[in-house]
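Chemist: what would the 3D arrangement of this be:
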Amino acid sequence: MSKKYINENQILLPKMLEIYKPSEFDWMYTPITKGSVWTIHHIYEKHCGGETTLNNAALLLKKSHQLLNMLESRNLDLYFEWNQLFMDINVCKCPLKNEFIEEMKILRKKTKKSIYGR
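Modeler: Numbers count the residues shown, from 1 in each chain. Predicted structure coming up:
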């Protein structure tokens, strides 16, 4: 009989979904669809000593997480702007406030322009 391995993300993800109660979009303003796959983004990366904790995690769909990773290699300043927003959301520990949503929309436009040139 083999043991089932459960990693830290599998423990943290349900907690974050319960606290933040996302219903329409993730923290990068990507719409949630029926087949959406949730991931945890480490604000301070694990290989740099970042821990898997509520304060160091962002609630992203897989599509957003891939986009953020691409952004990290193309526009580090914008990548850091997103991470600052994630930290601000974590201070709140509540469903997304309108001020966060408005900031997401602004950063989303900058991200599309940076990645896709539009």
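
Chemist: how about the strands of this protein, start to end?
Modeler: 38-42, 57-61 (DSSP state E).

Chemist: now do the buried residues in the first one.
Modeler: Residues of strand 38-42 classed as buried: 38, 39, 40, 41, 42 (neighbour count, 16 or more other CB atoms under 10 Å). In short, each C-beta sits where N, CA and C put it, glycine included.

Chemist: flag the shaky bits of this structure, pLDDT-wise.
Modeler: Scanning the chain for pLDDT under 70 picks out the ranges 1-6, 118.

Chemist: list the buried residues for the lengthiest helix in the chain?
Modeler: Taking DSSP state H as the criterion, the chain has its longest helix at helix 98-116. For helix 98-116, burial by neighbour count (16+ other CB under 10 Å) applies to 100, 103, 104, 107, 108, 110, 111.

Chemist: now for it, which elements pack on it?
Modeler: Using 3 or more CB pairs under 8 Å, 6 or more residues apart in numbering; DSSP states H and E, the elements in contact with helix 98-116 are helix 62-74, helix 76-92.

Chemist: out of these, flag the one nearest residue 11.
Modeler: Among the helices and strands packed on helix 98-116, helix 76-92 comes nearest to residue 11, with 16.8 Å by CB to CB.

Chemist: so the closest one versus strand 57-61, what angle?
Modeler: Using axes from the mean of the first three to the mean of the last three CA atoms, to 10 degrees, the inter-axis angle of helix 76-92 relative to strand 57-61 is 110 degrees.

Chemist: which helices and strands sit right next to helix 76-92?
Modeler: Looks like helix 76-92 contacts strand 57-61, helix 62-74, helix 98-116 (3+ CB pairs under 8 Å, 6+ apart).
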